[in-house]
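K.L.:
my questions are about this predicted structure, shown below with the sequence.
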Amino acid sequence: MKALTITGHGGPEKLVLREQPDPVAGPGEALVRVRAAGVNFADVMARAGLYPDAPKPPCVVGYEIAGVVEAVGEGVDEVAVGDRVLGGTRFGGYAEAVATPADALVPLPEGWSFEEGAAFPVNYATAYAALLRYGALHPGERVLIHAAAGGVGIAATQIAKIVGAEVYGTASASKHDAIREIGVDHPIDYRSTDFAKAVRAIAGERQPLDMVLDAVAGRSMWKGWSLLRPGGRMVGFGVSAMVDGDRRSVPRALKAVLTTPVGSVLALMSDSKSFIGLNMLRLWDSKGSLDEFVDPLREWVDAGRLRPVVGATFPLERGGEAHRTISERRNVGKVVLTVG
C-alpha cells in the first residue's frame with residue numbers, strides 16, 4: 001500500500017509517498033481501506049518536530065479516517081467486512097489502509113461523504129471535551145473561540161450554539177461571512193484588531209467572558225485570561241504560535257513559551273478562574289477510547305444538528321499542500337486527504 005510518510009523534521013517537502021506492507025488486523029482490530037483521512041494541526045507540529053507524542057521519523061501520522069472495513073481480527077463483533085465507518089487511529093491514518101481497534105470505529109452516518117466522516121472524530125471530540133465535559137458551558141454564557149474557521153473552531157461553534165451560548169470568534173476578515181453563517185455571533189479580525197479590545201467594545205464590559213478556547217498560546221492566553229470574569233474557564237489545547245508558516249521557528253517557539261502565562265494555584269483561587277489543559281491523545285491513551293467524548297454527540301448527529309464542514313480536500317500524494325493550507329490558515333473548515 002501507499003503511505004504518506006514524514007521522512008524527517010522540516011517543511012512540507014518532508015512528506016513523501018512511500019510503499020509499505022499492508023497492515024494486518026490483530027485481535028480486537030479491524031483493517032480499514034481508507035477513503036479519507038483528516039489533517040490536524042498536530043500533524044503539522046509532528047512534521048515540524050514540535051509534537052513530542054508523535055513517533056520519530058520516518059513515520060506515518062493521522063488520527064482519524066473514514067473508509068470501508070476490509071478484514072476483522074479475532075474477537076471483533078463491533079464491525080463487519082463491508083461496513084462504511086469513521087473513527088480514530090493511533091497514528092497511521094495517512095495511508096491506503098490502517099489497522100485500528102474495532103471499538104474506535106462507528107458507522108458512517110447516512111448521507112455523509114467519506115470526507116465528512118474523516119472530518120469528525122478528533123475535532124468534535126476535542127470541542128465536546130473542551131466545552132462541555134471539562135468546560136461545563138451553560139446556556140447564555142459567552143465563549144471566545146480562537147481560529148473559529150478551522151476544524152475545531154467550527155465544531156466548537158456548532159456545539160456552543162446548540163447549548164445556547166453567545167459566541168465570539170476570531171478569524172481573518174475574509175472568513176467572517178462564513179463563520180457568521182455557521183453560528184458565530186461576533187466575528188473578530190485578529191489580524192487587524194486587538195481581539196481583547198474588540199471583545200470589550202462589543203460586550204461593554206472589561207471581563208465579559210465565561211470561557212475561552214485557545215490553541216495559540218503565548219500572549220493570546222494573557223489577553224484571553226484578562227477577559228474572563230470570576231468563574232471563567234480557559235481551555236488550552238495547542239501551541240500554534242510556535243510554528244511560523246511551514247516550519248518550526250525556534251525564536252517563535254521560545255517567545256511562545258516565555259509569553260505563555262504561568263500562574264499559581266493561589267492566584268487561581270483568588271481570581272476564581274480556572275485553566276484547563278487538554279491533550280486528546282493523552283486522554284485517548286488513558287481512557288482507551290474517545291467514546292466518552294463522541295458518544296454524546298450521536299443524538300445531535302442523527303438529528304442533523306451537527307455536520308462537519310470540509311474546507312479543502314487533497315489527494316494523498318499532495319499532503320504537503322494540505323499541511324501548507326493549514327499552517328497558512330487558508331481553510332474555512334476541515335482539511336482532508338482523499339485516498340483511492
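P.N.:
Structure received. The model shown is predicted, which means the values in this text are computed figures rather than measured ones.
K.L.:
so what are the domain limits for the chain?
P.N.:
According to automatic domain parsing, the chain comprises the domains 2-120+308-338, 123-281.
K.L.:
let me have those domains in TSV, adding mean pLDDT, distance to Leu297 and mean neighbour count as columns.
P.N.:
Any C-beta I mention is one placed from the backbone N, CA and C, and that applies to glycine too. TSV is the format used below for those (pLDDT from 0 to 100; distance: least, C-beta to C-beta, whole Å; neighbours: other C-beta atoms under 10 Å):
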stretch	mean pLDDT	distance to Leu297	mean neighbour count
domain 2-120+308-338	96	9	20
domain 123-281	90	6	19
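K.L.:
residue contacts, the closest residue to Met1 other than its chain neighbours?
P.N.:
Nearest residue to Met1, sequence neighbours excluded (C-beta to C-beta, 6 or more residues apart in numbering): Glu96, at 4.0 Å. Going by C-beta atoms under 8 Å, 6 or more residues apart in numbering, Glu96 touches 1-3, 22, 33-34, 316, 339-340.
K.L.:
same thing but at 10 Å, please
P.N.:
By C-beta atoms under 10 Å, 6 or more residues apart in numbering, the contact set of Glu96 is 1-4, 19-20, 22, 32-35, 37, 67, 316, 339-340.
K.L.:
if we take those, which one ends up nearest to Trp222?
P.N.:
Ala37 (35.3 Å; C-beta to C-beta).
K.L.:
which SS class is that closest one?
P.N.:
Under DSSP: H, G, I helix; E, B strand; the rest coil, the three-state class of Ala37 is strand.
K.L.:
surely Pro52 meets Ala42?
P.N.:
No: look at Pro52 against Ala42 with C-beta atoms under 10 Å: they stay out of range, at 11.0 Å.
K.L.:
now for the most centrally placed residue in the chain: which residues touch it?
P.N.:
The geometric centre of the chain, computed from its C-alpha atoms, lies nearest to Asn123 (C-alpha atoms, centre = their mean), at 3.9 Å. Applying C-beta under 10 Å, 6+ apart, we find Asn123 in contact with 38, 40, 64, 150-156, 280, 308-309, 333-334.
K.L.:
secondary structure element for the closest residue to Arg180 other than its chain neighbours?
P.N.:
Using C-beta to C-beta, 6+ apart and skipping residues adjacent in sequence, the residue nearest Arg180 is Pro187, 5.6 Å away. Assigned by DSSP states H and E, Pro187 belongs to strand 186-188.
K.L.:
do the same with Ser289
P.N.:
Going by DSSP H and E, Ser289 is not in any helix or strand.
K.L.:
now swap in Glu116 and tell me
P.N.:
helix 114-118.
K.L.:
which is the next helix or strand following that helix?
P.N.:
Assigned by DSSP H and E, the successor of helix 114-118 is helix 121-128.
K.L.:
show me where the stretch 151-300 of the chain has strands.
P.N.:
166-170, 186-188, 209-214, 228-236, 243-244, 247-248, 274-277 (DSSP state E, counting those that start in this stretch).
K.L.:
can I get stretch 329-340 in CSV, CA atoms only?
P.N.:
The C-alpha coordinates for stretch 329-340 follow below in CSV (Å, rounded to 0.1, in the frame of the first residue of the first chain):
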residue,chain,number,x,y,z
ARG,A,329,-4.6,29.4,7.8
ARG,A,330,-6.2,29.5,4.4
ASN,A,331,-9.0,27.0,5.2
VAL,A,332,-12.6,27.5,6.3
GLY,A,333,-13.4,24.1,7.6
LYS,A,334,-11.6,20.8,7.9
VAL,A,335,-8.7,19.9,5.6
VAL,A,336,-9.0,16.3,4.4
LEU,A,337,-6.8,13.9,2.4
THR,A,338,-8.6,11.7,-0.1
VAL,A,339,-7.4,8.2,-0.8
GLY,A,340,-8.1,6.0,-3.8
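K.L.:
distance from that stretch to the middle of the chain?
P.N.:
Between the centre of stretch 329-340 and the centre of its chain there are 12 Å (C-alpha atoms, centre = their mean, to the nearest Å).
K.L.:
please apply the same query to stretch 124-134.
P.N.:
That offset, for stretch 124-134, works out to 11 Å (C-alpha atoms, centre = their mean).
K.L.:
re earlier: among the strands of the stretch 151-300 of the chain, which is nearest His176?
P.N.:
Nearest of these (C-beta to C-beta): strand 186-188, 3.9 Å.
K.L.:
what helices or strands is that closest one leaning on?
P.N.:
Contact here means 3 or more C-beta pairs under 10 Å, 6 or more residues apart in numbering; DSSP states H and E; on that basis strand 186-188 packs against strand 142-145, strand 166-170, helix 176-182, helix 195-203.
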